[in-house]
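Engineer: Need the 3D shape of this:
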Amino acid sequence: MTLKTIATTEAPAAIGPYSQAIQFGNLLFTSGQIPLGLDGQVVSQEIEEQTHQVFKNLEAVLSAAGSSFSKVIKATVFIKDMNQFAKVNEIYASYFGDHKPARSTVEVARLPKDVLVEIELIAATGVEL
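Structural biologist: Okay, the predicted model is just below:
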């Protein structure tokens with residue numbers, strides 16, 4: 001098996017020496033997505049808008065690899081303030097519906113561009129679930 005770089009213009013370009021995602025066999029590993037618009041700017045200072053933008057970016061990366069939220073195996077959520085967790089969790093649930101992938105949530109001191117939330121995923125590709 002080989003590593004395949006996944007890149008899409010439907011999500012912000014990487015802001016460092018990394019890929020939007022890497023596919024290995026039927027597994028997709030996304031880089032952490034932060035709430036940047038296609039122009040590379042942070043969309044808002046509100047946790048709700050930032051979380052929705054993160055999911056919009058993740059959806060574009062998943063789609064570029066032939067995957068979707070229904071094929072997510074594991075999510076890791078990095079949040080600047082755990083007091084905002086309930087808001088993030090409600091939005092998170094709206095994107096996954098009845099599907100409940102494994103998840104870790106970690107409060108961090110600082111995220112790139114001083115955003116409030118970052119999420120990375122591991123998902124299946126090329127398989128029907």
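Engineer: Surely residue 22 and residue 3 touch.
Structural biologist: Yes. Contact criterion C-beta atoms under 8 Å: residue 22 and residue 3 qualify, at 5.5 Å. From N, CA and C alone the C-beta is placed, and that goes for glycine too.
Engineer: Of these two, which one has the most company?
Structural biologist: The neighbour comparison of residue 22 against residue 3 (other C-beta atoms under 10 Å) goes to residue 22, with 16 against 10.
Engineer: Can you pull out the residues in contact with the host helix or strand of the more buried one?
Structural biologist: Element membership for residue 22 (DSSP states H and E) is strand 21-24. Strand 21-24 is touched from outside by 1-6, 28-31, 61, 64-65, 125, with contacts defined as C-beta atoms under 8 Å, 6 or more residues apart in numbering.
Engineer: what is the mean pLDDT for stretch 86-102?
Structural biologist: For stretch 86-102, mean pLDDT rounds to 97.
Engineer: Okay, buried residues for it please.
Structural biologist: In terms of neighbour count (16 or more other C-beta atoms under 10 Å), stretch 86-102 has its buried residues at 87-88, 91-92, 95.
Engineer: For that stretch, what is the distance to the chain centroid?
Structural biologist: Stretch 86-102 sits 12 Å away from the centroid of its parent chain (C-alpha atoms, centre = their mean, to the nearest Å).
Engineer: Go ahead and name everything in contact with that stretch.
Structural biologist: Applying C-beta under 8 Å, 6+ apart, the external contacts of stretch 86-102 come out as 47-48, 51-52, 55, 59, 69-70, 72-75, 77, 79, 117, 121.
Engineer: do stretch 66-82 as well
Structural biologist: With C-beta under 8 Å, 6+ apart as the contact definition, stretch 66-82 has outside contacts at 27-28, 32, 47, 58-59, 62, 85, 88, 92, 95-96, 99, 101-111, 115-127, 129.
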